[in-house]
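S.K.: just a sequence and a predicted model for now, questions to come.
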Amino acid sequence: MTTLQTAWPYIAGTLAFLLSLIVSAHILLRKREVRAAIGWIGLVWLAPVVGSVLYFVFGINRIKRRGSEIHASMGQIPVPRRLPPDLAPPMPAAPVEQALQPLAKSVDRVTRNELMAGNRIDPLRNGDEAYPAMLAAIRGARTSVALATYIFDMDRAGTEFVEALSAAVRRGVEVRVLIDGVGAAYSKPRAPAILRDRGVRVAQFGGGMVPWRMPYVNLRNHRKILVADGSVGFTGGMNIRESSYLKLDTAYPTRDLQFRLEGPVVGHLVNTFAQDWAHTTGEHLDEDFWCPPAALAGSSIARGVSDGPDDDFEKLAWTIQAGLRAANRHVRIVTPYFLPDQALLTALTLVTLAGVRLDIVLPEVSNLRIVGWAMRAQLAQVMEYGARIWLSPPPFDHTKLMLVDDGWALFGSGNWDPRSLRLNFEFNVECYDASLVSALDDLVTEKIQDSRPLSRDELDRRSLPAKLRDGTAWLFSPYL
């Protein structure tokens with residue numbers, strides 16, 4: 001036998017040892033959770049080479065790294081402009097009620113966005129209220145229209161928006177439309193091609209469902225933003241599709257909530273849109289044109305909360321946790337998808353242990369069956385210390401809303417699931433306004449009155465096959 005033949009097992013063993021050592025060092029430097037770090041290091045050493053390959057494929061957070069590359073590529077972008085001194089509102093000594101000041105300070109440090117006074121915020125229910133208001137803003141625009149959406153279906157609703165946007169272009173209005181690459185594939189013909197043919201400047205964020213772009217299929221722009229003339233904005237959870245028009249006879253009707261905003265906080269919407277547009281197209285929108293000084297419009301104090309797998313990583317999750325920590329009396333949550341991670345589950349448990357009334361409204365029938373199964377697997381943990389779960393009847397409710405006590409609201413595109421809180425680009429708004437919170441509280445009360453309570457006994461009475469099905473679905477919750 002040659003020297004190489006006798007030595008190769010030792011060489012291979014040494015290389016495998018060095019590989020495991022290097023990968024272990026990477027895990028120690030990169031992983032935030034000790035259980036994940038221990039699990040991966042154990043696999044790397046117990047299954048040499050194979051464990052390292054599995055970690056390279058599945059264990060590295062390429063989503064966050066790719067998101068940081070997106071952020072770095074954006075360059076200079078517009079920022080919300082302060083009002084001229086003669087228009088600036090007189091700021092009270094305590095712009096937020098005393099009990100909520102720690103919450104405002106926490107979100108201030110999390111988001112690095114300034115809390116804006118002088119806003120008007122109006123909730124719009126379903127497409128029946130939201131779409132006419134959004135179309136009116138586009139049709140009345142004189143200078144600019146910026147629209148970002150996850151889904152833009154070419155159905156009866158989508159056609160209305162195409163007509164309004166193309167008419168705005170013909171009037172000489174600067175129009176920019178950004179549609180997520182995956183969301184654009186939800187219907188055919190695809191909206192980007194139709195808009196482009198009508199002269200509208202449109203771009204597609206990220207890759208679609210193409211095999212060679214699948215590594216970043218999770219990097220979705222889930223934001224819903226519309227701004228006309230830099231002064232009137234819309235955001236919430238509503239996509240552009242006819243199912244949100246409850247007046248229409250559609251196969252899968254969807255209830256939802258959108259918000260119309262006026263005032264300085266609209267600058268946060270423009271800012272977020274401009275970042276995504278700059279990344280996607282390389283065009284940097286001019287601040288003076290797209291984000292002019294905002295006039296005062298109302299008494300709401302509000303702030304945009306941008307979240308994504310870049311420098312904004314987990315800002316929405318931290319904002320939610322700050323809101324839970326600030327609660328003294330009651331918390332109300334409405335969400336279509338409820339798959340909180342362990343940190344949020346702990347925060348929810350602490351809320352109920354403190355005697356805070358916690359109501360969570362979920363759809364009784366999910367539009368995504370496997371998500372519905374995974375949700376039920378977790379609900380017992382939330383209900384253990386007194387949280388009340390309400391199941392809303394069809395049509396499916398896509399509303400995303402959180403209320404704390406009588407003074408704080410959080411609304412936008414983010415769901416209570418790992419995809420929204422760790423993978424997607426989302427946009428939410430926090431608002432300090434007792435009158436708005438009261439109106440939204442009435443809306444949630446109406447939903448609860450139409451819903452039925454879920455009991456622990458009902459959960460426990462599920463058959464063994466159903467429990468195993470739900471538990472198996474729960475294992476995939478980080479990817480749902």
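M.R.: Now that the structure is in, tell me what you want to look at.

S.K.: so who does residue 125 touch?
M.R.: Residue 125 sits next to 255, 256, 257, 443 when contact means C-beta atoms under 8 Å, 6 or more residues apart in numbering. No exception for glycine: its C-beta is placed from N, CA and C like everyone else's.

S.K.: would you point out the most distant pair within these?
M.R.: For the contacts of residue 125, the maximum inter-member distance is 12.1 Å, found between 256 and 443 (C-beta to C-beta).

S.K.: these two: who's more crowded?
M.R.: The neighbour count for residue 256 versus residue 443, taken as other C-beta atoms under 10 Å, is higher for residue 256 (24 against 18).

S.K.: you'd agree that one is up against residue 398?
M.R.: Yes - between residue 256 and residue 398 there is a contact under C-beta atoms under 8 Å: 4.4 Å.

S.K.: shared neighbours, those two?
M.R.: Contacts common to residue 256 and residue 398, judged by C-beta under 8 Å, 6+ apart, are 237, 238, 244.

S.K.: run a quick neighbour tally on the closest residue to residue 292 other than its chain neighbours.
M.R.: Residue nearest to residue 292 in three dimensions, not counting chain neighbours: residue 230, with 5.0 Å by C-beta to C-beta, 6 or more residues apart in numbering. Counted with other C-beta under 10 Å, residues neighbouring residue 230 total 25.

S.K.: same question, the one 4 residues further on
M.R.: Applying other C-beta under 10 Å, we find 24 other residues in the vicinity of residue 234.

S.K.: helix, strand or coil for it?
M.R.: Applying DSSP: H, G, I helix; E, B strand; the rest coil to residue 234 yields a three-state assignment of strand.

S.K.: got a pLDDT number for it?
M.R.: Per-residue pLDDT puts residue 234 at 98.

S.K.: who does it bridge with?
M.R.: The partner list for residue 234 in beta bridges (DSSP bridges) reads residue 226, residue 260.

S.K.: residue ranges with poor pLDDT in the chain?
M.R.: Along the chain, segments meeting pLDDT under 70 span 1-5, 7, 31-36, 57-95, 207-218, 310, 478-480.

S.K.: Provide a list of residues in contact with the most centrally placed residue in it.
M.R.: Central residue of the chain (C-alpha atoms, centre = their mean): residue 414, 2.6 Å from the mean position. Neighbour list for residue 414: 222, 307, 316, 400, 420, 421, 424, 426, 427, 428 [criterion: C-beta under 8 Å, 6+ apart].

S.K.: can you pick out the most distant pair from the residues you listed?
M.R.: Distance extremes for the contacts of residue 414: the farthest pair is 421 and 427 at 13.3 Å, using C-beta to C-beta.

S.K.: neighbour count winner among these two?
M.R.: Neighbours were counted for residue 421 and for residue 427 using other C-beta under 10 Å; residue 427 has more, 27 against 24.

S.K.: helix or strand for the more buried one, which one?
M.R.: Here residue 427 sits within strand 426-432, counting by DSSP states H and E.

S.K.: contacts for the very next helix or strand once past that strand next, please.
M.R.: Following strand 426-432 in sequence order, the next helix or strand is helix 434-450 (DSSP H and E). Helix 434-450 has contacts (C-beta under 8 Å, 6+ apart) with 97, 121, 123, 125, 257, 299-300, 332, 334, 359, 361, 390, 392-393, 397, 399, 401, 403, 406-409, 411, 431.
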